[in-house]
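In: need the 3D shape of this:
(chains A and B)
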Amino acid sequence: MNDPTTLTLREAAAAISEGRLRAEALVEACLDRIERLQPKLNCFIRVTAAAAREKARAADLAVKAGHAHGLLHGAPLAHKDMFYRAGEVCSCGSKIRADFVPDYTATVLKRLDAAGGIELGRLNMAEFALGPTGHNDHFGRCRNPWNPEYISGGSSSGAGAAVAAGLVFGALGSDTGGSVRLPAAACGIVGIKPTLGRVSRYGTMPLSHSLDCIGVLARNVGDCARVLSVIGGADDDDGMSSRHPVPDYERGLDDAANPGSLAGVRVGVPDRYYDEGLDQEVAELLAASRAVLEAQGAKIVDVPIGDHSAPNDLASVILAAEAATLHLPWLRDRPKDYSDQTRARLLAGLGMPATLYAQVLQARARLLEQLLRETFVRCDLLHIPVLSRPVPTAAETDVGGSAAMPEVLGRIVANTRPINYLGLPSLAVPIGFTRNGLPQAMQLVGRPFREHLLFRIGAAYEAGSGGPAKRPQL
Amino acid sequence: MSAESRGGLDKSALEEILASSGVKVTSDEVDAVARSLARMRLAAGTLPRSPSFDETVERFYRLLEIDAAGGAGR
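Out: Reported below is the predicted structural model:
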């Protein structure tokens, strides 16, 4: 096999399970690539090579003994540095938790371990997951593998860069206002923000409990679906996790490539908000992606939608209040250990009237109900942009905690944050490149717990557009 | 900055609220918090004027589950 890092996750796991590829060889190939590219990308905070090699040896022995059953058997993974593993440092991208060692392990990590995944290390992220660009004053900025001068997106910045660069086959991230979908879009890979409650948050860094979702970044739709199948589902340790059954997300994905596979599917294009300020190049890519879906049999329909600037702003109220509450002790005792931007964003929640926060939470049901009744009755999913403009450079978004910060960051999350307020699932899928050479993505948004439909549409798009996005030359 | 542009809050009142949290803030930071609050209060202006007494936060989570249960669909 020439370069095993070019396989998909599903191909790699199958090759290892069937004895055609050794997990040790694959892990070594990934570690070599990490060693070569980390200085350029800065996407890892920590590489756990020794532990990964040990697990790879065990995975190969299991195959020899006929015990390889996991869906991720031998697949190299790495995760945003906010998932707790007993006895190992989990920095949360911060100085404050640089030495934090949890004494318990996140449910999602236990599930990945049980499925045979091999963790290669921890990935860079915005400090405490508060930032959509990939800047980090403590660990350095994570760089975009398509061009290091551009942002990687955030807050799961390392996850986007590492998966796109072929250093790992998949990564966990978190999405409170777009933090999985934005780096997926900026780096040209696939990212799923599941329905609120679909994935356990036990043992993960909290930011805003009313909005936080654990999501997956992978190189293609099928790989993304497989990892979500592994981590999704009820968890007795997380009382907020849903008991709704987890379907087989991979079912039907291969058939999605067949002509006409989307017959009967209605793809809704909102009549307002998401096209405001849309860059012409991005608009053309979105139109082309809709044409691909249409060629696969989908019907494109215009749908009415309320003013989503409301859920966008309302999500910021929830985030500000909940994050400020969590961080209050450190804001009092270790104020100088935050970056300017993180501190500025957290302070915003301190003056929040309690009744305002409660009203915003109370209004969620009505706004969701309105969307289900008036919009989703006319379509099966929404097709909207992730970013309204081409991916910006790091310099263009280097605003720290200045007065320009709210507007600059607000523009980046404008299309993703409303979806968090509404709790809906959303899949970011690459749709091509703008003239600056950076990727763009569409966002497919479904009704609650319709991740399986989003994967099917995404897979049909990949098939109809000539396959998943290419890998950057590094 | 007028009280209105601070989201209807007088600066000294906001300083008092922030001080009561135990977090030390500069005058510039108070202004920034005021601007954020103004934006958030503006957003709150879009909220339904008269939500039902029974429109609880829990209803949102129930709605997610109910919709999922009713839509085996595609």
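
In: residues in contact with the residue of the stretch 301-450 of chain A found nearest chain B?
Out: Closest to chain B within the stretch 301-450 of chain A is residue A:313: 3.1 Å, counting by Cβ to the nearest Cβ. Any C-beta I mention is one placed from the backbone N, CA and C, and that applies to glycine too. Contacts for residue A:313 (Cβ atoms under 8 Å, 6 or more residues apart in numbering or on different chains) come out as B:39, B:40, B:42, B:43, B:46.

In: go through the host helix or strand of it and flag the buried ones.
Out: Element membership for residue A:313 (DSSP states H and E) is helix A:309-333. For helix A:309-333, a neighbour-count test (16 or more other Cβ atoms under 10 Å in any protein chain shown) marks A:310-328, A:330-331 as buried.

In: what do you get for stretch A:364-375?
Out: Within stretch A:364-375, the residues scored as buried using 16+ other Cβ under 10 Å are A:364, A:365, A:366, A:367, A:368, A:371, A:372, A:375.

In: I'd like the next helix or strand past the helix holding residue A:313.
Out: Taking DSSP H and E, what comes next after helix A:309-333 is helix A:340-347.

In: list the buried residues in that next one.
Out: A:341, A:342, A:343, A:344, A:345, A:346, A:347.

In: near chain B at all, it?
Out: Yes - applying Cβ under 8 Å from any Cβ of the partner chain, one finds helix A:340-347 touching chain B at A:344, A:347.

In: that helix vs helix A:309-333, what angle?
Out: 100 degrees (axes from the mean of the first three to the mean of the last three Cα atoms, to 10 degrees).

In: contacts for helix A:340-347 next, please.
Out: Residues from elsewhere that reach helix A:340-347 (Cβ under 8 Å, 6+ apart): A:94, A:126-128, A:130-131, A:135, A:137, A:320, A:323-324, A:327, A:331, A:335, A:338, A:399-401, A:405, B:18, B:23, B:25, B:29, B:32-33.

In: restricted to buried residues, select these in PyMOL.
Out: Command for PyMOL that selects the buried part of the contacts of helix A:340-347, burial taken from 16+ other Cβ under 10 Å:
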select buried, (chain A and resi 94+126+127+128+130+131+135+137+320+323+324+327+331+338+399+401+405) or (chain B and resi 18+23+25+29+32+33)
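
In: surely residue A:295 and residue A:463 touch.
Out: No - with contact defined as Cβ atoms under 8 Å, residue A:295 does not count as touching residue A:463 (10.6 Å).

In: looking at these two, which has the bigger crowd around it?
Out: For residue A:295 and residue A:463, the more surrounded residue by other Cβ atoms under 10 Å in any protein chain shown is residue A:463, and the numbers stand at 21 against 14.

In: now do the same contact list for that one.
Out: Per Cβ under 8 Å, 6+ apart, neighbours of residue A:463: A:256, A:257, A:261, A:296.

In: how about the second one, what does it touch?
Out: Applying Cβ under 8 Å, 6+ apart, we find residue A:257 in contact with A:459, A:460, A:463, A:464.

In: isn't the second one right next to residue A:293, touching?
Out: I take that to be residue A:460. Yes - between residue A:460 and residue A:293 there is a contact under Cβ under 8 Å: 7.0 Å.

In: ok, back up a step: any idea how far the helix holding residue A:313 is from the chain center?
Out: Chain-centre distance of helix A:309-333: 21 Å, with Cα atoms, centre = their mean, to the nearest Å.

In: go on, stretch A:377-393?
Out: Taking Cα atoms, centre = their mean, one finds the center of stretch A:377-393 at 15 Å from the center of the full chain.

In: quote the end-to-end distance of it.
Out: 39 Å (Cα to Cα, to the nearest Å).

In: stretch A:352-371 now?
Out: Using Cα to Cα, the end-to-end distance of stretch A:352-371 comes to 27 Å.

In: what do you get for stretch A:215-227?
Out: Span of stretch A:215-227 from end to end, Cα to Cα: 9 Å.

In: that one close to chain B?
Out: No - against chain B, stretch A:215-227 shows no contacts by Cβ under 8 Å from any Cβ, the least distance being 15.1 Å.

In: got any ranges where the chain has weak pLDDT?
Out: Answering for chain A, as no chain was given. Residue ranges of chain A with pLDDT under 70: A:1.

In: looking at chain B here, not the other one
Out: In chain B (pLDDT under 70), the answer is B:1-9, B:71-74.

In: how about 50 then?
Out: Applying pLDDT under 50 to chain B flags residues B:1-6, B:72-74.

In: count of residues packed around the spatially closest residue to residue A:394 that is not a sequence neighbour?
Out: Of all residues not flanking residue A:394 in the chain, residue A:151 sits nearest, at 5.4 Å (Cβ to Cβ, 6 or more residues apart in numbering or on different chains). Residue A:151 has 30 neighbouring residues, counting by other Cβ under 10 Å.
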